[in-house]
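> fold the following, please.
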Amino acid sequence: MKQLPGLDFVQPRWKFTTLTMALMAAAGLMLALAVEGISQIDQTRTEIETIEHRIEQRKRANEREAQRHKRMSPQERHIEKVLKEQGMNATGSGISVIDRIEHAWTPEIALQSIVVERAGRHVRIEGGAAKLEHIYTFIDRLREQPGSRDVGLLQHHLKVEGGRTIRFFTLSVENP
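Sure, this is the predicted structure:
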């Protein structure tokens, strides 16, 4: 028998059509998306476990701190309170009275020294100004600050330096 070129009556077992290729590509894409979703879920679970572990540690630390605080004597509590008052906050200098002085200060006042005593409860300020009005304005601004109980002008005197008259002063600030 003679074979005719181009005629083949036997169908091949695997015939890849365009539709078959598209379906296989879609199935591969779905498989990749499923694997990625599973890996994201695993990552999220790991992060949740880490966060829960940190929360547990913080709870235990807070419980230990509460137990330690209960066992403290009154003197130790007082010392801790004083140390906490001296601690730094995020926006200030760390000592509340210095922050109050900073808010009351104006460029007309030259501060020479600030002495903080008794854990920030007593402050002595020495400085100078061109006019007596500037000193009294500074005192008024200190008195307006919340927590400044007693602000007093201890002394002031005049001094001529370089042809300029400078008024030197010493203030006392008491805080609760």
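
> distance between the helix-or-strand element of the chain with minimal mean pLDDT and the chain's centre?
Among the helices and strands of the chain, helix 74-86 carries the lowest confidence by mean pLDDT, DSSP states H and E, at a mean of 77. Offset of helix 74-86 from its chain centre (C-alpha atoms, centre = their mean, to the nearest Å): 23 Å.

> can you dump the C-alpha atoms of that helix in CSV for me?
The C-alpha coordinates for helix 74-86 follow below in CSV (Å, rounded to 0.1, in the frame of the first residue of the first chain):
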residue,chain,number,x,y,z
PRO,A,74,7.6,54.1,102.4
GLN,A,75,11.1,55.6,102.2
GLU,A,76,11.8,53.6,99.0
ARG,A,77,8.5,54.7,97.5
HIS,A,78,9.5,58.3,98.2
ILE,A,79,12.9,57.9,96.6
GLU,A,80,11.3,56.3,93.6
LYS,A,81,8.8,59.1,93.3
VAL,A,82,11.6,61.7,93.4
LEU,A,83,13.6,59.8,90.8
LYS,A,84,10.5,59.5,88.6
GLU,A,85,9.9,63.3,88.8
GLN,A,86,13.5,63.8,87.6
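
> same question for the following helix or strand past that helix: list its buried residues.
Under the assignment DSSP states H and E, the closest C-terminal helix or strand after helix 74-86 is helix 96-104. Neighbour-count burial for helix 96-104 flags 96-97, 99-101, 104 (criterion: 16 or more other C-beta atoms under 10 Å). C-beta coordinates here come from the backbone N, C-alpha and C atoms, glycine included.

> among the residues you listed, which two are most distant?
Distance extremes for the buried residues of helix 96-104: the farthest pair is 96 and 104 at 12.8 Å, using C-beta to C-beta.

> closest to residue 27 among the buried residues of helix 96-104?
The closest of these to residue 27 turns out to be residue 99 (C-beta to C-beta; 66.9 Å).

> quick check: domain ranges of the chain?
With domains defined by the TED database, the chain comprises 17-71, 93-174.

> other residues contacting whichever strand or helix holds residue 166?
Taking DSSP H and E as the criterion, residue 166 maps to strand 164-174. Strand 164-174 has contacts (C-beta atoms under 8 Å, 6 or more residues apart in numbering) with 97, 101, 121-132, 135, 138-139, 142, 148-160.

> now the angle from the least confident helix or strand of the chain to helix 96-104?
Per axes from the mean of the first three to the mean of the last three C-alpha atoms, to 10 degrees, the angle that helix 74-86 makes with helix 96-104 is 20 degrees.

> skip ahead from whichever strand or helix holds residue 135 and say which helix or strand is next.
Following DSSP H and E, the helix or strand that holds residue 135 is helix 132-144. Going down the chain from helix 132-144, the next helix or strand is strand 150-161, by DSSP H and E.
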